[in-house]
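> predicted structure and sequence below. I'll ask about it afterward.
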Amino acid sequence: MIILHSFSRFRMNQQLETWQALESVRESFRVVDAFLVDEQDYDKALKDVWGQGDLIVVEQDVVPALEMVESLFGCDKPWCIFDYEIRYMDDKNPPFYPQTGLGLTKFSCDAQRVSASEKWFGSGSWFNLDGRITGALVQAGYRPHVHGKVKHNRIVDWTGKTK
Ligand SMILES: [Zn+2]
């Protein structure tokens with residue numbers, strides 16, 4: 001069981017709660033922190049831990065409580081998620097729950113085998129990494145098992161830009 005916590009230098013103030021929450025997670029689980037600089041770094045970091053056992057992905061602005069992590073690792077479903085809300089700064093668009101993002105997600109070994117293709121894994125952009133992985137799972141007939149909601153500290157501007 002591995003937890004990959006990816007983070008960048010962007011929006012550091014929205015990452016503080018994540019680091020705090022991970023402190024108690026680290027007492028029970030192996031957490032790999034991946035500092036992402038280049039566009040392909042997320043792909044590379046995931047590829048490094050892919051296929052080594054059940055894997056949980058934690059993105060920099062979700063707040064994973066220890067019991068959330070335990071419920072994901074304790075579940076025998078292949079693809080498990082916590083819903084997280086995406087809010088917009090200007091309130092013109094209603095918040096939504098992507099479900100196919102990677103925010104706080106568990107992939108079993110089976111799900112990892114199904115979803116990553118050697119053709120693209122390891123060299124693509126972080127921008128569509130979630131779509132490549134979860135798209136392959138959906139295509140193979142998998143659906144995410146929703147465990148609840150996790151706090152998400154990111155608010156996007158109306159264009160959905162992330163930089
Ligand atoms: Zn589950």
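Thanks, I have the structure now. Note that the structure is predicted; figures quoted are calculated from it, not measured.
> the helices in the protein, which residues?
Under the criterion DSSP state H, the chain contains helices at 16-26, 41-49, 66-73, 109-115, 129-139.
> now render the ones you listed as JSON lines, adding mean pLDDT.
As requested, the helices of the chain are exported to JSON lines (pLDDT from 0 to 100):
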{"stretch": "helix 16-26", "mean pLDDT": "97"}
{"stretch": "helix 41-49", "mean pLDDT": "93"}
{"stretch": "helix 66-73", "mean pLDDT": "98"}
{"stretch": "helix 109-115", "mean pLDDT": "92"}
{"stretch": "helix 129-139", "mean pLDDT": "91"}
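> of all the ones you listed, which one comes closest to Gly101?
Gly101 sits nearest to helix 129-139 of all the helices of the chain, at 5.0 Å, using CB to CB. Backbone N, C-alpha and C define where each C-beta goes, glycine included.
> circling back: in CSV, list the helices of the chain along with distance to the ion.
As requested, the helices of the chain are exported to CSV (distance: least, CB to the ion, whole Å):
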stretch, distance to the ion
helix 16-26, 17
helix 41-49, 20
helix 66-73, 6
helix 109-115, 11
helix 129-139, 13
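> export these as a markdown table, with columns for mean neighbour count and distance to Asp91.
Output for the helices of the chain, formatted as a markdown table (neighbours: other CB atoms under 10 Å; distance: least, CB to CB, whole Å):
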| stretch | mean neighbour count | distance to Asp91 |
| --- | --- | --- |
| helix 16-26 | 15 | 22 |
| helix 41-49 | 18 | 29 |
| helix 66-73 | 18 | 28 |
| helix 109-115 | 18 | 34 |
| helix 129-139 | 18 | 25 |
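> closest one to Ile86 among those helices?
Nearest to Ile86 among the helices of the chain is helix 129-139 (12.3 Å), distances taken as CB to CB.
> relative orientation of that closest one and helix 41-49 in degrees?
Going by axes from the mean of the first three to the mean of the last three CA atoms, to 10 degrees, helix 129-139 is angled at 50 degrees with respect to helix 41-49.
> alpha carbons only: can I get helix 129-139 in PDB?
The C-alpha coordinates for helix 129-139 follow below in PDB (Å, rounded to 0.1, in the frame of the first residue of the first chain):
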ATOM      1  CA  LEU A 129      -3.600  12.600 -16.800                       C
ATOM      2  CA  ASP A 130      -6.800  12.100 -14.800                       C
ATOM      3  CA  GLY A 131      -8.800  11.700 -18.000                       C
ATOM      4  CA  ARG A 132      -6.400   9.200 -19.500                       C
ATOM      5  CA  ILE A 133      -6.500   7.000 -16.400                       C
ATOM      6  CA  THR A 134     -10.100   7.200 -15.400                       C
ATOM      7  CA  GLY A 135     -11.200   7.200 -19.100                       C
ATOM      8  CA  ALA A 136      -9.500   3.900 -19.600                       C
ATOM      9  CA  LEU A 137     -11.200   2.500 -16.500                       C
ATOM     10  CA  VAL A 138     -14.700   3.700 -17.600                       C
ATOM     11  CA  GLN A 139     -14.100   2.300 -21.000                       C
END
